[in-house]
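K.L.:
Dropping the sequence and predicted coords here.
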Amino acid sequence: MKYRNKKLRRNLQKNSRKYKNVYIKLMTIMFLLTIFVFVGLNLIIKDKEFSENENRILQQKPKFTFDRLFEGRYTKKYEKYTVDQIVGRDEFIKVKTKIDSLLGKNSENGVYKGKDGYLIENFNKPNKEYLKANIEAINKFANKHKDINQYMLIAPNSVNILSDKLPNFAPVYDQDKYLKELDKSIDNKVKFINVSDSLKDHKKEYIYYKTDHHWTTLGAYYAFLDFANQAGLDVNPNGYEKYRVSNDFYGTLYSKSGYKVDPDKVDIFTPKDKNDQVIVEYKEEKKKSPTIYNSEALKKKDKYEVFLGGNHPLVDIKTTSESDKVLLLVKDSYANSFVQFLTHYYKEIIMVDPRYYYEDIEKLIKDKNITDMLYLYNSNTFFNDSSLAPVLNNI
């Protein structure tokens, strides 16, 4: 009896080892097959240039040189390229977000899952090198063009204004501190317009999108009132009609984080006196439009592009305003929903986005007889921007 039991145990152990070996071999084959399939698909499928879901340009395959390899630039870019171009990237983001949520994590890719359905992008600590170069270029430019009325409006992000929506103990840098330091660093020939207090006064209103990193049209409007006060514009606070153009906007933070929340609404404001006739010329694209709004964008994912169709190197807006002033608006995408409030006060508005602009800005100023200038950025972009200084320095 004992002998039979020992023999049975040996057989069971032998079969167990056998099945375990088979299982390991199967898992190894499946793992290698999965890698082979993904590598094969990535070789076959054409690389994407733009992610509509994330609303950004994707890293393309870097050109190999030994210099770049030894300097480390090639390796870093190739690593980013493989991450950006991997097959099923969007699905992987969704799965990762679900797993992290189950584990109690409240942030993904720099985006916090806040209260009341808000997704809030973290504030990146300023890049000292870029910031120093930008400040020096702005001050030099201000002294070179003393005849131009110059203003600066660096919009705080929702992480600053809606801090009460953040998860408890979320580690964030204080934007107000850096904005105050920037104010002190800028030459007094440039009027610095700090809109933080005004936006905080209206924080209970819908001034930032819940799924996107931009301010809403209402948020832009409150900032415009501060600008108008500093620039001496005669504004009727009740002079606009609000029109809702979308109820289903899912913005960049929705895509970047993978969190499932309700969609945003998009509004436009038009003057009640109907004095909003414009001719918008997109210089690089060589096209014109009789409106600053792009209704085709409402059929796409990024409905914020209803404002001017997104970002462009150079946009020239001619208006029916009786003013003789010409505004140079040096900007990022926050200005796209802000410019609708300016058309009544300037006969022409030239919008320059330094991230894409490579022409001679001095020639532009001379040709257009610029009288006024406004730097309009959001804090996250401005404090880490490397494109402004080269444009102002005409490099």
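P.N.:
Thanks, I have it. Numbers count the residues shown, from 1 in each chain.
K.L.:
alpha carbons only for contacts and neighbour counts from here, please
P.N.:
OK.
K.L.:
Could I get the buried residue list for stretch 293-301?
P.N.:
Across stretch 293-301, burial judged by 16 or more other Cα atoms under 10 Å covers Tyr293, Asn294, Ser295, Ala297, Leu298, Lys301.
K.L.:
mean confidence score for whatever helix or strand Asp183 lives in?
P.N.:
Element membership for Asp183, per DSSP states H and E: helix 175-185. Throughout helix 175-185, pLDDT has a mean value of 97.
K.L.:
Show me how far that helix is from its chain's centre.
P.N.:
21 Å (Cα atoms, centre = their mean, to the nearest Å).
K.L.:
Stretch 146-153 now?
P.N.:
With Cα atoms, centre = their mean, you get 25 Å for stretch 146-153.
K.L.:
What degree of burial does Lys146 show, as a neighbour count?
P.N.:
11 (other Cα atoms under 10 Å).
K.L.:
Okay, it and Lys283: tell me how far apart.
P.N.:
27 Å (Cα to Cα, to the nearest Å).
K.L.:
same check, this time on Lys191
P.N.:
29 Å.
K.L.:
Over to Val190?
P.N.:
For Val190 relative to Lys283 (Cα to Cα), the value is 28 Å.
K.L.:
out of the two, which sits in the busier spot?
P.N.:
Between Val190 and Lys283, counting by other Cα under 10 Å, Val190 is the more crowded of the two (22 against 13).
K.L.:
picking that back up, tell me which helix or strand comes right after the helix holding Asp183.
P.N.:
Heading C-terminal from helix 175-185 (DSSP H and E), you reach strand 190-192.
K.L.:
Listing partners with orientation, what would you give for that next one?
P.N.:
strand 149-155 (parallel) (DSSP bridges).
K.L.:
Give the next helix or strand downstream of the strand it pairs with.
P.N.:
helix 158-161.
K.L.:
list the helices and strands that next one packs on?
P.N.:
strand 119-121, helix 196-201 (3 or more Cα pairs under 8 Å, 6 or more residues apart in numbering; DSSP states H and E).
K.L.:
which helices and strands does the longest one pack with?
P.N.:
Looking back up the chat, that one is helix 196-201. helix 158-161, helix 217-231.
K.L.:
Just say which of those is most tucked in.
P.N.:
Most buried of those, by mean neighbour count (mean count of other Cα atoms under 10 Å): helix 158-161, with a mean of 24.
K.L.:
Could you give the average pLDDT over that one?
P.N.:
The model assigns helix 158-161 a mean pLDDT of 98.
K.L.:
Also stretch 131-147?
P.N.:
Stretch 131-147 comes out with an average pLDDT of 97.
K.L.:
residues touching Ile135, list them.
P.N.:
Ile135 makes contacts with Ser185, Ile186, as judged by Cα atoms under 8 Å, 6 or more residues apart in numbering.
K.L.:
repeat that with 7 Å
P.N.:
Ile135 makes contacts with Ile186, as judged by Cα atoms under 7 Å, 6 or more residues apart in numbering.
K.L.:
On the three-state scheme, it is what?
P.N.:
helix (DSSP: H, G, I helix; E, B strand; the rest coil).
K.L.:
quick one, phi/psi of Tyr118?
P.N.:
phi -90, psi 130 (degrees, to the nearest 10).
K.L.:
residue contacts, it?
P.N.:
Going by Cα under 7 Å, 6+ apart, Tyr118 touches Lys210, Thr211.
K.L.:
Local confidence estimate at it?
P.N.:
The predicted local confidence for Tyr118 is 97.
K.L.:
by contact count, what packs against the helix or strand that contains Lys265?
P.N.:
Using DSSP H and E, Lys265 maps to strand 264-271. Counting by 3 or more Cα pairs under 7 Å, 6 or more residues apart in numbering; DSSP states H and E, the packing neighbours recorded for strand 264-271 are strand 240-249.
K.L.:
List the strands paired with the strand it packs on, with their directions.
P.N.:
strand 264-271 (antiparallel).
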